[in-house]
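S.K.: pasting a predicted model and its sequence here:
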Amino acid sequence: MAQTSPFVPGLAGIPCAKSAIGMVDGSAGKLQYRGYPIEDLAKACSFEEVVYLLLLGELPTEAQLAPFRDEMVREREISFRAIDVFERLPERAHPMTALTIGVSTLGTYYEGDHVEDLALSRAIAVRLTAKVPTLVAAWHRIRQGKRPVPPRADLGHAENFLYMLDGEVPDPMAAHVAEVALILHAEHSMNASTFAARVTGSTLADPYAVVASAVGALSGRLHGGANERVLDMLRAIPDPSPEGVRRWAEDRLARHDKIMGFGHRVYKVKDPRADILQNLATDLFAKLGRTPIYDLAVELEGQMEKLVGHKGIYPNVDFYSGIVYEKLGIPVDLFTPVFAVARVSGWLAHLLEQLEDNRIFRPSQIWVGEKDRTFVPMAER
Ligand code: ACO
């Protein structure tokens, strides 16, 4: 059959769904959730409020938010059997791998074949969003030979997540910064992990399988995994002077090595989330002390603008997130799981949207292999 559609590597610019959840305007540097600018949501909302907005489509009233928050709090607990599974993993398992296992383990409690029951899928979306931080924190404790810290009902979602990592109620500024970081990472239209979630969801697989697929897709270093690499990369810059940073960047670009935390398929200006994170970093440093690596990051941003700004390569959300997380005391290999703690809400909003008007994803391919070959028996090859 003749091929009619051109091949577009990475499906760049090809719409694969109609969506009303997250809107990214890459040339204007705009991000909106359900039509609300990210800057306003980050300034005024709790993470739970944003989850409500993403999953249910509207900002909640106080009367709507209270029971929703209670539902999320009730769902934070995970079963001791999921903990047992974690106890059997090697300590060196990457937290993203452990998270995939944790989410799949929760899926073993999923009963029956009810995916198209939207009320049930919505309830599971809340449940999974509530439990992912508990899984991440539990694995972090278990791999250190410690008992998981049970969630606390009196703490907000982000605050409780930090609390479950080390058993200490975080400083209010740290809790605020973590909350804003979760809001910024909650949704970002048709990125690789969201696409993975929608593809898996379109087969009518259950929501646990959907989230497990998406966690796998997020883990790669071209996507969520980039945030772990940014700090290592900054630390490897041998000379922090402006000339040294420029030389380092020029060398790397000449070798066609990617500079982590820069570039984006959609944004051709600075990612608005990077701006918000940078302001948060400034507040955090004012309270908890400055980090020299931040100055180096700002220098690299300036040099990169001169070198590749004309190509539309600017910092993305991952460039400053690691610096902020490190200041919050979060270990480097938990940076991508923190991303998952936030993005699980976006994935599940997309699942609900997909199920409302589902058609299984089944793209085509362009055949480049041989055809109609004559089979050769083993003895004659
Ligand atoms: N460093 C150096 N050059 C870059 C970078 C970068 N970070 N990003 C893009 N470029 C260059 C490419 O070399 C290429 O140049 P060329 O046309 O001269 O060959 C051009 O810009 C286009 O780059 P692609 O990789 O083709 O762009 P694509 O849209 O496929 O990829 C991506 C986007 C994966 C984000 C890319 O910019 C990248 O690899 N960045 C580094 C990893 C990273 O930070 N990922 C996090 C993204 S945000 C997120 O997922 C949350």
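M.R.: Here it is on my side, so go on. Residues are numbered from 1 along each chain as shown.
S.K.: tell me which element the closest residue to E326 other than its chain neighbours falls in.
M.R.: Excluding the flanking residues, the one nearest E326 by CB to CB, 6 or more residues apart in numbering is L231, at 6.3 Å. Where C-beta positions appear, they are placed from N, C-alpha and C, glycine not excepted. Here L231 sits within helix 226-235, counting by DSSP states H and E.
S.K.: next, see if that helix gets close to the ligand.
M.R.: Yes - contact of helix 226-235 with the ligand (CB under 6 Å from any ligand atom) involves A226.
S.K.: how many neighbouring residues does the closest residue to the ligand within the stretch 251-381 of the chain have?
M.R.: The stretch 251-381 of the chain approaches the ligand most closely through G263 (2.3 Å), counting by CB to the nearest ligand atom. Using other CB atoms under 10 Å, G263 is surrounded by 21 other residues.
S.K.: so it sits right up against G309, yeah?
M.R.: No - assessed by CB atoms under 8 Å, G263 is found out of contact with G309, at 11.4 Å.
S.K.: where does the prediction get shaky in the stretch 51-200 of the chain?
M.R.: Applying pLDDT under 70 to the stretch 51-200 of the chain picks out no residues at all.
S.K.: can you name the residues of it that neighbour the ligand?
M.R.: N191.
S.K.: and the residue of the stretch 51-200 of the chain closest to the ligand?
M.R.: Residue of the stretch 51-200 of the chain nearest the ligand, by CB to the nearest ligand atom: N191 (5.9 Å).
S.K.: report the contact partners of that residue.
M.R.: When contacts are counted by CB atoms under 8 Å, 6 or more residues apart in numbering, N191 touches H223, R265.
S.K.: ok, now L59?
M.R.: Contacts of L59 (CB under 8 Å, 6+ apart): Y36, C45, E49, Y52, L53.
S.K.: which SS state does it fall under?
M.R.: coil (DSSP: H, G, I helix; E, B strand; the rest coil).
S.K.: next, the buried residues of stretch 99-115.
M.R.: Across stretch 99-115, burial judged by 16 or more other CB atoms under 10 Å covers L99, T100, I101, G102, V103, S104, T105, L106, G107, V115.
S.K.: centre of the chain to it, how far?
M.R.: 20 Å (CA atoms, centre = their mean, to the nearest Å).
S.K.: same deal with stretch 243-257?
M.R.: Taking mean C-alpha positions (CA atoms, centre = their mean), stretch 243-257 and its chain are 28 Å apart.
S.K.: buried ones in that stretch?
M.R.: For stretch 243-257, by 16+ other CB under 10 Å, it's V245, R246, W248, A249.
S.K.: contacting residues around T134?
M.R.: R76, E77, I78, P148, P151, M164.
S.K.: distance of it from F361?
M.R.: 31 Å (CB to CB, to the nearest Å).
S.K.: please apply the same query to L234.
M.R.: Separation of L234 from F361 (CB to CB) stands at 38 Å.
S.K.: circling back to that earlier point, give me the neighbour count for the residue nearest to E326.
M.R.: The local packing of L231 (other CB under 10 Å) involves 20 other residues.
S.K.: please name the residues that touch it.
M.R.: With CB under 8 Å, 6+ apart, L231 has these contacts: I293, G322, I323, E326, V332.
S.K.: could those be laid out in TSV, adding pLDDT and distance to the ligand?
M.R.: As requested, the contacts of L231 are arranged in TSV below (pLDDT from 0 to 100; distance: CB to the nearest ligand atom, whole Å):
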residue	pLDDT	distance to the ligand
I293	89	17
G322	89	11
I323	90	14
E326	91	17
V332	94	15
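S.K.: the residue most central in space within the chain in helix, strand or coil?
M.R.: Central residue of the chain (CA atoms, centre = their mean): F339, 3.6 Å from the mean position. Counting by three-state DSSP, the backbone at F339 sits in helix.
S.K.: not counting sequence-adjacent ones, nearest residue to it?
M.R.: G224 (4.4 Å).
S.K.: what does E58 give?
M.R.: R34 (7.3 Å).
S.K.: quick one, what contacts G35?
M.R.: G35 touches M23, counting by CB under 8 Å, 6+ apart.
S.K.: mind giving me the domain split of this protein?
M.R.: Listed domain ranges for the chain are 16-219+333-356, 226-327 (source: automatic domain parsing).
S.K.: ranking these by burial, who's on top?
M.R.: domain 16-219+333-356 (a mean of 19; mean count of other CB atoms under 10 Å).
S.K.: might you report the residue contacts of Y208?
M.R.: V103, S104, L106, G107, Y110, I124, L128.
S.K.: after the helix or strand containing A286 comes which helix or strand?
M.R.: Taking DSSP H and E as the criterion, A286 maps to helix 272-288. Once the chain leaves helix 272-288, the next helix or strand it forms, by DSSP H and E, is helix 292-308.
S.K.: export that next one as CSV, just CAs?
M.R.: This file holds the C-alpha atoms of helix 292-308, laid out as CSV (Å, rounded to 0.1, in the frame of the first residue of the first chain):
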residue,chain,number,x,y,z
PRO,A,292,28.1,28.0,44.9
ILE,A,293,26.8,25.6,42.3
TYR,A,294,23.9,28.0,41.7
ASP,A,295,26.2,30.8,40.7
LEU,A,296,27.9,28.3,38.3
ALA,A,297,24.4,27.4,36.9
VAL,A,298,23.6,31.1,36.3
GLU,A,299,27.0,31.6,34.6
LEU,A,300,26.3,28.6,32.3
GLU,A,301,22.9,29.9,31.5
GLY,A,302,24.4,33.2,30.4
GLN,A,303,27.1,31.5,28.3
MET,A,304,24.7,29.1,26.7
GLU,A,305,22.4,32.0,25.7
LYS,A,306,25.3,33.6,23.8
LEU,A,307,26.3,30.3,22.2
VAL,A,308,23.0,28.6,21.3
